[in-house]
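Asks: 3D, please:
(one chain, ligands or ions: 1)
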Amino acid sequence: MPFMALKPRILIVEDEPGIADTLQYVLATDGFAPVWASTAEDAIAQFTAERPALAVLDVGLPDLNGFELFRRLQALPGGKQVPMLFLTARSDEIDRVVGLELGADDYIAKPFSPRELVARVRTILRRSTRLVVESTMAPTTSAAPILAIWALDEERHQIRFYGKALELSRYEYGVLRLLVQKPGRVFTRDELLIKVWGDANDSFDRTVDAHIKTLRAKLKLVAPGLEPIRTLRGSGYALSEGLPATAA
Ligand code: CA
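Replies: Got it, this is the predicted structure:
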């Protein structure tokens with residue numbers, strides 16, 4: 001059955017059999033090849049045996065927490081190329097996912113709808129394919145200064161603010177890159193979700209706000225007195241145009 005090989009392998013790391021069963025069922029129904037690991041140790045073995053197209057990691061595992069497992073998987077050969085999505089049960093876990101700069105691709109809070117999870121998996125896989133294509137096809141450009149205050153280096157996925165390189169997660173970079181390219185232009189949450197995350201769904205509004213929050217915290221470290229990202233109540237976010245030439 002050669003077509004089986006074309007199904008993207010999805011590693012599900014989840015210690016609750018009920019959730020794992022549901023996930024395997026919906027993913028298999030949707031054309032994926034799910035594999036289940038109930039512990040971090042098992043996950044590392046499965047990941048090593050065959051690198052999955054994507055991994056879904058429960059944060060609360062019996063042997064290691066999902067964050068630590070994420071780090072270990074990333075350290076394996078090719079681990080950084082595998083998109084990973086966290087399943088979180090508590091809001092403080094969500095804050096850690098967003099705030100810790102793990103570089104995970106997304107998270108889903110429990111309880112979640114299996115349909116939503118499959119949609120996210122699809123979006124992430126579509127996007128990671130597209131990113132590879134874009135980076136292969138993009139013309140070579142070096143760091144292009146947008147403003148003296150901001151410098152965007154699309155090749156390195158790096159943004160400098162007042163000359164200081166920001167340590168950004170993939171989505172923080174995506175959001176700030178859009179804002180920096182069009183100072184003053186208002187981006188709605190839906191627009192950011194579509195352009196940065198690849199889909200729009202009202203229930204993910206919190207995702208945008210959480211990333212804006214962590215971005216602001218990082219910008220504050222460089223320029224404590226400034227508010228480089230403006231909130232336009234009811235409409236969205238924009239890059240402030242009135243920043244001073246130097247960070248005081
Ligand atoms: Ca669990």
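Asks: so where's this structure shaky on pLDDT?
Replies: Applying pLDDT under 70 to the chain picks out residues 1-6, 92, 94-104, 128-148, 200-205, 248.
Asks: ranges for the strands of it?
Replies: Using DSSP state E, the strands assigned to the chain run over residues 9-13, 33-37, 54-58, 84-88, 106-109, 144-145, 150-153, 158-161, 164-165, 229-232, 236-239.
Asks: which one of these lies nearest to residue 223?
Replies: Checking those against residue 223 by CB to CB gives strand 158-161 as the closest, at 7.0 Å. For the C-beta atoms, the positions are set from N, CA and C on the backbone; glycine is no exception.
Asks: isn't residue 246 up against residue 163?
Replies: No: using CB atoms under 8 Å, residue 246 makes no contact with residue 163, being 9.3 Å away.
Asks: can you list phi and psi of whatever residue of the chain ends up closest to the ion for me?
Replies: Residue nearest to the ion within the chain: residue 60 (3.7 Å; CB to the ion). Backbone torsions for residue 60, taken as degrees, to the nearest 10, come to phi -90, psi 90.
Asks: quick revisit: adding distance to residue 177 and mean neighbour count, write the strands of the chain out as JSON lines.
Replies: As requested, the strands of the chain are exported to JSON lines (distance: least, CB to CB, whole Å; neighbours: other CB atoms under 10 Å):
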{"stretch": "strand 9-13", "distance to residue 177": "28", "mean neighbour count": "24"}
{"stretch": "strand 33-37", "distance to residue 177": "33", "mean neighbour count": "20"}
{"stretch": "strand 54-58", "distance to residue 177": "23", "mean neighbour count": "26"}
{"stretch": "strand 84-88", "distance to residue 177": "22", "mean neighbour count": "23"}
{"stretch": "strand 106-109", "distance to residue 177": "18", "mean neighbour count": "20"}
{"stretch": "strand 144-145", "distance to residue 177": "11", "mean neighbour count": "11"}
{"stretch": "strand 150-153", "distance to residue 177": "6", "mean neighbour count": "19"}
{"stretch": "strand 158-161", "distance to residue 177": "7", "mean neighbour count": "20"}
{"stretch": "strand 164-165", "distance to residue 177": "14", "mean neighbour count": "14"}
{"stretch": "strand 229-232", "distance to residue 177": "13", "mean neighbour count": "14"}
{"stretch": "strand 236-239", "distance to residue 177": "11", "mean neighbour count": "20"}
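Asks: including distance to residue 45, could those go into TSV?
Replies: Formatted as TSV, the strands of the chain follow (distance: least, CB to CB, whole Å):
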stretch	distance to residue 45
strand 9-13	11
strand 33-37	8
strand 54-58	13
strand 84-88	17
strand 106-109	24
strand 144-145	44
strand 150-153	38
strand 158-161	35
strand 164-165	37
strand 229-232	43
strand 236-239	43
